[in-house]
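**Q** Sequence first, predicted coordinates after that:
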Amino acid sequence: MKFDDAAGALGRGGVLILSTDTLPGIHCRADNQQAVLKVVGIKGRDAGKPLLLLAGSLQQALSMCGPLAPFQLDHCRACWPGPFSLILPAGDLLAPRVSCGLGTVAIRVPAEENIRRLISAVGVPLVSTSVNLQDEPPIADVNSAWDQFNSLVDGVWTSAREFPAEGVPSALVDLCTEPPRILREGPLVFPCCG
């Protein structure tokens, strides 16, 4: 799928498999409840388990958040773009299923420029979840993800610059506590600001 086709499909509420700088994922607009519920259905995701967002920029990420403390904003600036999913206070623009009523949202700004360009072209952050059924290991390459899930999604887009499929998800760091709490280690070491 070409860049413009992928941006258009996502903009209209489609669900796509996209390559990222960590693992390939299933993606849709974060503000489209119907598309978010389709992603949840494809995964068989537990009802109370929130979803991660990918944003095209720091500014776009912050549009999905509530007010941030200075230390939270400092970590966002230091960690993004990069393989850090940061849990922050949720804003009002999310589809309700994204945060599951927890009042927080996990967001990442990917290191890969082309995926950031795609998200920016859509105009809103994307829900991003690994390509696998709930409680199964994530699929580490786009071709295998497409082979297994192509009948359930609206297409696949891969960046012109492919990253090696190392099977390492992003770090997950809770910035709603001080000091921050690392919930999952990633490919780079946190803290990223010192």
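**A** Perfect, thanks for sending it.

**Q** drop to CA atoms for contacts and neighbour counts, all remaining ones
**A** Fine.

**Q** can you pull out the strands in this protein?
**A** According to DSSP state E, the chain carries its strands in the segments 16-18, 25-29, 52-54, 84-89, 104-108, 126-130, 156-157, 171-174, 181-184.

**Q** got these as JSON lines, with distance to S63 and mean pLDDT columns?
**A** Formatted as JSON lines, those follow (distance: least, C-alpha to C-alpha, whole Å; pLDDT from 0 to 100):
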{"stretch": "strand 16-18", "distance to S63": "22", "mean pLDDT": "95"}
{"stretch": "strand 25-29", "distance to S63": "14", "mean pLDDT": "94"}
{"stretch": "strand 52-54", "distance to S63": "12", "mean pLDDT": "94"}
{"stretch": "strand 84-89", "distance to S63": "11", "mean pLDDT": "95"}
{"stretch": "strand 104-108", "distance to S63": "11", "mean pLDDT": "94"}
{"stretch": "strand 126-130", "distance to S63": "12", "mean pLDDT": "92"}
{"stretch": "strand 156-157", "distance to S63": "25", "mean pLDDT": "94"}
{"stretch": "strand 171-174", "distance to S63": "18", "mean pLDDT": "92"}
{"stretch": "strand 181-184", "distance to S63": "23", "mean pLDDT": "90"}
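
**Q** I'd like these as CSV, with mean neighbour count and distance to A6 appended.
**A** Supplementary listing: these in CSV, determined by neighbours: other C-alpha atoms under 10 Å; distance: least, C-alpha to C-alpha, whole Å:
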stretch, mean neighbour count, distance to A6
strand 16-18, 26, 8
strand 25-29, 28, 11
strand 52-54, 25, 15
strand 84-89, 26, 23
strand 104-108, 26, 20
strand 126-130, 25, 12
strand 156-157, 22, 6
strand 171-174, 21, 27
strand 181-184, 14, 30
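
**Q** Ok, which of the ones you listed comes nearest P67?
**A** Between P67 and these, the shortest gap by C-alpha to C-alpha is with strand 84-89, which sits at 7.2 Å.

**Q** Please produce JSON lines containing the strands of the chain, extended by distance to M1.
**A** As requested, the strands of the chain are exported to JSON lines (distance: least, C-alpha to C-alpha, whole Å):
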{"stretch": "strand 16-18", "distance to M1": "10"}
{"stretch": "strand 25-29", "distance to M1": "14"}
{"stretch": "strand 52-54", "distance to M1": "20"}
{"stretch": "strand 84-89", "distance to M1": "27"}
{"stretch": "strand 104-108", "distance to M1": "24"}
{"stretch": "strand 126-130", "distance to M1": "18"}
{"stretch": "strand 156-157", "distance to M1": "5"}
{"stretch": "strand 171-174", "distance to M1": "29"}
{"stretch": "strand 181-184", "distance to M1": "32"}
